[in-house]
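Colleague: structure, please.
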Amino acid sequence: MNADVLARSFETHRGHLRSVAYRMLGSLSEAEDAVQESWLRLSRSDTAAVENLGGWLTTVVGRVCLDMLRSRKARREEPWETLVPDPIISREDDGPEHEALMADSVGLALLVVLDTLTPAERLAFVLRDMFAMPFDEIASIVGRSEAATRQLASRARRRVQGAPVAPDPDLARQREVVDAFLAAARGGDFDALVSVLDPQVVLRADRGAAQGGSTEVHGAAAVANQALTFSRLGAGGGVVHRALVNGAAGVVATREGRPFSVLGFVVVGGRIVEIDILADPERLGRLDLAVLD
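Modeller: Reported below is the predicted structural model:
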């Protein structure tokens, strides 16, 4: 296969590889790095005997991501502080494009849970439960037996199933709850905030190292107080844009045309069970917000 044909073939798989890498890493920039590394490995390989290029590339990007996760874990000398994964922002739309987005989306809440898994557990869960890769192929990536790989996926599945990661499917209902939350925050109405929050709600916020790092808050009263604080900090010239954040109702706040924060919500049973806030200027600057223009 000549270089041009190989490059065109790779491009047909880029979207799939990016989806795998994003679910593995929770970082858009690292996912792009992993996809690029898979291209470099492909360009240096003899592909004459490769019958299924998509499967071959998925295996390669899986190995790259596994190495990146292991390297990330090895660098952590202290317990990993709260981190909000990179959000994917899109325009709200009730049409077919939205339905396709919802079908392919992965929520921030799920990515947070995946961050608690070991690298091997995360790979086994992502490749098996999200992309239906056969266990024998996953086993070759993690260097375990097929039986041991099944156990990895099973442990990961139990962790995921124990967390409230699936929002209500009705986007209009999600939006109604999120709008009520925002109105209460703007109005400084503590009781109204508590009324739309699940008693066990969790708020995670990443403001960046220069602004105090990450915060995790539990419970309706504590989250309501935190929301009032964030609302006061964001007041003054700010504009709130409705958006989909990883396929669910969310908002992007801008100031003087620049993103100030991104808020993702998980609404279950008509109440907010999780809020993820990204307010790190450096990370916000790397997000693609052109869809909101």
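Colleague: tell me the backbone dihedrals of Leu244, please.
Modeller: phi -90, psi 130 (degrees, to the nearest 10).
Colleague: one more: the one 4 residues further on?
Modeller: Listed backbone geometry of Ala248 is phi -120, psi 160, with angles given as degrees, to the nearest 10.
Colleague: could you find the closest non-adjacent residue to it?
Modeller: The spatial neighbour of Ala248 that comes closest, neighbours along the chain excluded (Cβ to Cβ, 6 or more residues apart in numbering), is Pro167 at 4.9 Å. C-beta here means a position set from N, CA and C on the backbone, and glycine is covered the same way.
Colleague: with Val245 instead?
Modeller: Distances taken as Cβ to Cβ, 6+ apart place Gly264 nearest to Val245, at 3.8 Å, with adjacent residues excluded.
Colleague: okay, now that neighbour: neighbour count?
Modeller: 30 (other Cβ atoms under 10 Å).
Colleague: tell me the contacts of it?
Modeller: By Cβ atoms under 8 Å, 6 or more residues apart in numbering, the residues touching Gly264 are 84, 87, 107-108, 245-246, 248, 250, 275-277.
Colleague: 10 Å - rerun?
Modeller: 84-85, 87-89, 107-109, 111, 167, 178, 204, 243-251, 274-278 (Cβ atoms under 10 Å, 6 or more residues apart in numbering).
Colleague: pLDDT below threshold where in the stretch 1-150 of the chain?
Modeller: Along the stretch 1-150 of the chain, the parts satisfying pLDDT under 70 run over 1, 75-82, 93-105.
Colleague: can you give me the strands for it?
Modeller: Secondary structure of the stretch 1-150 of the chain (DSSP state E, counting those that start in this stretch): strands at 89-90.
Colleague: right, and Ile62 touches Met130 too?
Modeller: Ile isn't right for residue 62; it's Gly. No - Gly62 is beyond contact range of Met130, at 11.6 Å (criterion: Cβ atoms under 10 Å).
Colleague: which neighbours do the two have in common?
Modeller: Residues touching both Gly62 and Met130 by Cβ under 10 Å, 6+ apart: 20, 24.
Colleague: between these two, which one's more packed in?
Modeller: Neighbours per residue (other Cβ under 10 Å) separate Gly62 from Met130, with Gly62 holding more: 27 against 15.
Colleague: ramachandran angles for the residue nearest to Val245?
Modeller: Here Gly264 shows phi and psi, under degrees, to the nearest 10, equal to phi -110, psi 140.
Colleague: bridge partners for it, pull those for me.
Modeller: Note on Gly264: beta-bridge partners by DSSP bridges are Gly250, Asp276.
Colleague: quick check: it vs Val20, distance?
Modeller: For Gly264, the distance to Val20 (Cβ to Cβ, to the nearest Å) stands at 21 Å.
Colleague: and what of Val267?
Modeller: 27 Å.
Colleague: so between these two, which is more surrounded?
Modeller: Taking neighbours as other Cβ under 10 Å, Val267 and Val20 compare with Val20 leading, 27 against 24.
Colleague: surely the more buried one is in contact with Ala132?
Modeller: No - the criterion here is Cβ under 10 Å, and Val20 misses it with Ala132 at 11.8 Å.
Colleague: what segments of the stretch 101-250 of the chain are helices?
Modeller: With DSSP state H, counting those that start in this stretch as the definition, the stretch 101-250 of the chain shows helices at residue ranges 108-114, 119-125, 135-142, 146-161, 171-187, 190-195, 220-234.
Colleague: over to Ser145: give its phi and psi.
Modeller: phi -70, psi 160.
Colleague: now swap in Arg44 and tell me
Modeller: phi -100, psi 0.
Colleague: and for it, the neighbour number?
Modeller: Arg44: 7 neighbours (other Cβ under 10 Å).
Colleague: okay, the helices of the stretch 101-250 of the chain in JSON lines with distance to Leu289 and mean neighbour count next?
Modeller: Shown next, in JSON lines, are those (distance: least, Cβ to Cβ, whole Å; neighbours: other Cβ atoms under 10 Å):
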{"stretch": "helix 108-114", "distance to Leu289": "16", "mean neighbour count": "24"}
{"stretch": "helix 119-125", "distance to Leu289": "28", "mean neighbour count": "24"}
{"stretch": "helix 135-142", "distance to Leu289": "34", "mean neighbour count": "18"}
{"stretch": "helix 146-161", "distance to Leu289": "29", "mean neighbour count": "16"}
{"stretch": "helix 171-187", "distance to Leu289": "18", "mean neighbour count": "18"}
{"stretch": "helix 190-195", "distance to Leu289": "27", "mean neighbour count": "16"}
{"stretch": "helix 220-234", "distance to Leu289": "17", "mean neighbour count": "17"}
